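K.L.:
Pasting a predicted model and its sequence here:
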Amino acid sequence: MLTFWLYGAVEPLTGESFFYRFSHLDSVCFERFLEQFSLAFPQSLNLMQIDQAPAHMATWIRWPENVLSIVQPSHSPELNPVERLWQDLRKPFKGKNFGSIGALETALFEHINTLSKKVVASLTEYSYILDALPIQVT
């Protein structure tokens, strides 16, 4: 395998996170990610904020009953809390040369496993997003 894609979702208030690795980015993989995410959190209704990437917007995607989407405006990654996490995940790897994609993948997952919920929440809890929600989250 020459590449891998890390799909992820975060809950900004609690810092809970979910990641799944795929070989590429497309709507088939995204639908599989949704299925796995749904199975990981079966007892809750989950809101997933998505950008307008073609992989996220395919009309044929079957969304699980317990996962609803919120589509963010085009070209506005600053509105999606998970984007801050992606930025932070890159930092420890900047300037490093890995012998293989597999070595990079291993290092990335080792790093992800060290992230506490508190750290994830501190990176992703945007007060202006939470304030804009039509319902109060307590």
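P.N.:
Looks like it arrived, so ask away. Numbers count the residues shown, from 1 in each chain.

K.L.:
List the buried residues for stretch 117-128?
P.N.:
Within stretch 117-128, the residues that qualify as buried are 120, 121, 123, 124, 125, 126, counting by 16 or more other Cβ atoms under 10 Å. Yep, even glycine has a C-beta here, placed from its N, CA and C like the rest.

K.L.:
and if you look at stretch 32-45?
P.N.:
Of the residues in stretch 32-45, those with enough neighbours to count as buried (16+ other Cβ under 10 Å) are 33, 34, 37, 38, 41.

K.L.:
Please render the buried residues of stretch 117-128 as JSON lines that adds secondary structure, distance to residue 14 and pLDDT to the earlier fields.
P.N.:
Written out in JSON lines, the entries for the buried residues of stretch 117-128 read as follows (DSSP: H, G, I helix; E, B strand; the rest coil; distance: Cβ to Cβ, whole Å; pLDDT from 0 to 100):
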{"residue": "120", "secondary structure": "helix", "distance to residue 14": "9", "pLDDT": "95"}
{"residue": "121", "secondary structure": "helix", "distance to residue 14": "6", "pLDDT": "93"}
{"residue": "123", "secondary structure": "helix", "distance to residue 14": "13", "pLDDT": "91"}
{"residue": "124", "secondary structure": "helix", "distance to residue 14": "10", "pLDDT": "89"}
{"residue": "125", "secondary structure": "coil", "distance to residue 14": "9", "pLDDT": "85"}
{"residue": "126", "secondary structure": "coil", "distance to residue 14": "14", "pLDDT": "76"}
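
K.L.:
Sort out which one of the buried residues of stretch 32-45 lies nearest residue 50 for me.
P.N.:
Ranking those by separation from residue 50, with Cβ to Cβ as the measure, puts residue 34 on top at 9.9 Å.
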